[in-house]
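next input, structure requested:
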Amino acid sequence: QVQLVESGGGLVQAGGSLTLACVISGSFFGIRDMRWYRQAPGLEPQRITAITENGFPNYRDSVKGRFVTTRDEAKNMVYLQMNNLKPEDTAVYYCNEDVRTDRVRTGNYWGQGTQVTVSS
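Modelled structure (predicted):
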């Protein structure tokens, strides 16, 4: 059973930084794209970053220049470095990954989420 677990959320003042981490556990063959989503109260989830299997990242315009996503294949982890945080970044952050569960199948998995709160 594949599981994703996020960590690193918390309360930070505007202008501060946080680093989120997501680790995958269980039995799998490999990880394809890794993504971070966030969901603020009353709003739909939005994808903010993705990083491909080859390590190429892309970012939502609202976080470009402030957030950096990286992946560590050896540790089966994906990170989200968040700098210059703003109150509008307040949300629950989720990692989402496409995971090869066997030689032919890929499943999509979500973590449980971690709360990020940015105070003004």
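
ok, which stretches of this structure are strands?
3-7, 10-13, 18-25, 30-39, 46-51, 57-59, 67-72, 77-82, 91-100, 106-110, 114-119 (DSSP state E).

any idea how far apart the tips of stretch 43-53 sit?
End-to-end span of stretch 43-53 (Cα to Cα, to the nearest Å): 29 Å.

follow-up on the earlier one: in CSV: the strands of the chain, plus mean pLDDT and mean neighbour count.
In short, each C-beta sits where N, CA and C put it, glycine included. Shown next, in CSV, are the strands of the chain (pLDDT from 0 to 100; neighbours: other Cβ atoms under 10 Å):
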stretch, mean pLDDT, mean neighbour count
strand 3-7, 97, 16
strand 10-13, 98, 13
strand 18-25, 97, 18
strand 30-39, 96, 20
strand 46-51, 97, 19
strand 57-59, 97, 15
strand 67-72, 97, 18
strand 77-82, 98, 22
strand 91-100, 97, 21
strand 106-110, 96, 15
strand 114-119, 98, 17
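
quick one: residues contacting Glu97.
Listed by Cβ atoms under 8 Å, 6 or more residues apart in numbering, the contact set of Glu97 reads 4, 22, 24, 31-35, 78, 108-109.
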